[in-house]
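Trainee: sequence first, predicted model second:
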Amino acid sequence: MAKRERVIRMSVELPLWRALTAYRVLTMVYAVLVFVSEYREFERPWVGVVFLSVLAVWTLATLPRVANAASCTKRFLGVDLTIALTGILLTPLADADAQSVNSPTLPTIWAAGSVLAFAIKGGWRWAAFASSLVAAANLVERGSPTRDTLHNVLLVWVASIAIGYVVEVARASEATLARALEIEAATRERERLARDIHDSVLQVLAMVQRRGTALGGEAAELGRMAGEQEVALRTLVSSGLVPTTRASEDPALGALVRTVDYEDDAGGAEVDLRTLLAPHAGSRVSLAEPGAPVLLAPPAARELAAAVSAALDNVRRHAGEAAQAWILVEDWGDEVIVTVRDDGPGIPEGRLAQAEGEGRLGVALSIRGRLRDLGGSAELISVPGQGTEVELKVPRGKA
């Protein structure tokens with residue numbers, strides 16, 4: 001199975017729906033307890049019994065409806081609000097003195113839950129609509145509203161609109177974050193493909209150019225053409241236009257680029273980094289490693305080894321074939337450090353920035369890009385005349 005980046009998104013609305021579910025159950029129980037405590041004061045208690053029975057059944061039966069935005073449909077919201085308004089308007093029928101003594105309505109604060117559902121589902125405009133209807137029902141139920149009634153109505157109206165506005169802002173932020181994650185994933189895929197191109201095609205084209213120029217004749221013309229293609233491809237890579245689809249499907253690059261499918265072995269057995277670095281050892285490259293295995297997850301080990309290979313390629317290209325290089329592997333438990341050092345002429349100040357501007361992204365992509373994707377870092381230290389040292393750090397937890 002091809003390796004894919006998995007992004008798990010948790011909606012910012014989910015905690016609000018959970019809170020609303022708990023609120024509806026608790027306020028339903030509260031409404032029943034208030035009615036039971038004042039049962040003897042009602043002239044027609046059967047009205048309250050019937051309504052609260054319906055309210056309890058409706059609240060418990062519709063708990064899945066307020067679990068998320070998809071299940072909370074417009075029809076449900078309409079019926080839910082109708083039950084709340086009905087309970088408010090039935091209060092004077094159950095107790096004729098309710099208006100004069102300013103006692104709570106039959107649904108009490110459960111009605112605010114209906115308004116909150118509108119706010120979470122549709123934002124502040126829906127909240128304003130629902131809270132206005134509840135406010136009108138309360139004013140009608142009271143007949144001659146008191147200051148406390150007006151205060152409560154205004155409080156529900158303002159609070160619901162504020163919550164609806166916050167929900168809209170949260171949705172916009174979530175959409176922005178999702179888009180940013182998509183862009184980041186696409187950028188990482190382009191960089192990965194660009195690294196593959198740099199480590200294979202561009203290296204081959206550069207070698208053909210050098211060898212062709214050295215041989216002369218028809219080989220020199222072949223080298224010149226390879227050099228032109230290298231410049232064109234470097235420009236394409238540095239411009240960020242490297243496609244994220246399979247390159248074999250692109251007629252412009254299909255002859256040059258092969259797509260590599262990475263096996264999804266992140267959960268497999270760890271790999272000894274020493275076995276991946278051992279082939280680099282030779283007469284010009286010395287390898288110093290711990291006596292114990294340096295175990296890393298397969299993707300991390302591969303990328304770190306590829307970064308070391310890119311560093312050695314830079315040594316051969318810029319320090320010369322006769323340059324001596326050393327690889328030092330250190331395992332510190334929580335992180336692995338690999339240092340690549342050479343005795344070449346070093347890198348002049350500003351050369352790396354100039355190379356990136358020319359599209360030569362060996363250090364930027366093949367080394368630093370790989371380590372950044374692993375959650376690590378790559379530090380390059382170079383003093384003219386004293387060689388170059390590249391220190392690669394990979395923290396085990398992040399890798």
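Mentor: Alright, I've got the coordinates.

Trainee: residue ranges with poor pLDDT in this protein?
Mentor: 1-11, 96-102, 145, 189-207, 209, 226-268, 350-366, 397-399 (pLDDT under 70).

Trainee: mind listing the strands in it by residue range?
Mentor: For the chain, the strands defined by DSSP state E cover 271-272, 285-288, 295-296, 325-331, 335-342, 377-382, 388-395.

Trainee: let's have these in a markdown table, adding distance to residue 220.
Mentor: Backbone N, C-alpha and C define where each C-beta goes, glycine included. Below are the strands of the chain laid out as a markdown table (distance: least, Cβ to Cβ, whole Å):
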| stretch | distance to residue 220 |
| --- | --- |
| strand 271-272 | 43 |
| strand 285-288 | 31 |
| strand 295-296 | 44 |
| strand 325-331 | 30 |
| strand 335-342 | 30 |
| strand 377-382 | 32 |
| strand 388-395 | 31 |
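
Trainee: will you turn the ones you listed into TSV that also has distance to residue 210 and mean neighbour count?
Mentor: Listed next are the strands of the chain as TSV, based on distance: least, Cβ to Cβ, whole Å; neighbours: other Cβ atoms under 10 Å:
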stretch	distance to residue 210	mean neighbour count
strand 271-272	34	18
strand 285-288	20	15
strand 295-296	34	19
strand 325-331	19	18
strand 335-342	19	21
strand 377-382	23	16
strand 388-395	20	21
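
Trainee: contact partners of stretch 143-156?
Mentor: Stretch 143-156 has contacts (Cβ atoms under 8 Å, 6 or more residues apart in numbering) with 92, 99, 102, 112, 115, 131, 134, 135, 138, 139, 142.

Trainee: and for stretch 45-63?
Mentor: 21, 24-25, 28, 31-32, 35, 39, 42, 76, 80, 83, 86-87, 90, 93-95, 106-107, 110.

Trainee: go with 10 Å
Mentor: Where contact means Cβ atoms under 10 Å, 6 or more residues apart in numbering, the residues beyond stretch 45-63 that reach it are 21-22, 24-25, 27-29, 31-32, 34-36, 38-39, 42, 44, 65-66, 71-72, 76, 79-80, 83-84, 86-87, 90-95, 106-107, 110, 113.

Trainee: among the residues you listed, which ones are in helices?
Mentor: Using DSSP state H, 21-22, 24-25, 27-29, 31-32, 34-36, 76, 79-80, 83-84, 86-87, 90-94, 110, 113 are the members of the contacts of stretch 45-63 that sit in helices.

Trainee: hmm, residue 123 and residue 169 touching each other?
Mentor: Yes. In terms of Cβ atoms under 10 Å, residue 169 counts as a neighbour of residue 123; the distance is 9.4 Å.

Trainee: just the buried ones from the ones in helices among the contacts of stretch 45-63?
Mentor: Neighbour-count burial (16 or more other Cβ atoms under 10 Å) is assigned, among those, to 21, 24-25, 27-28, 31-32, 34-35, 80, 83-84, 87, 90-92, 94, 110, 113.

Trainee: mind listing the helices in the chain by residue range?
Mentor: Applying DSSP H to the chain gives helices spanning 14-37, 45-61, 74-94, 98-101, 110-122, 124-142, 147-197, 203-215, 218-238, 273-277, 298-314, 351-357, 370-373.

Trainee: since that was my last question, I'll sign off now.
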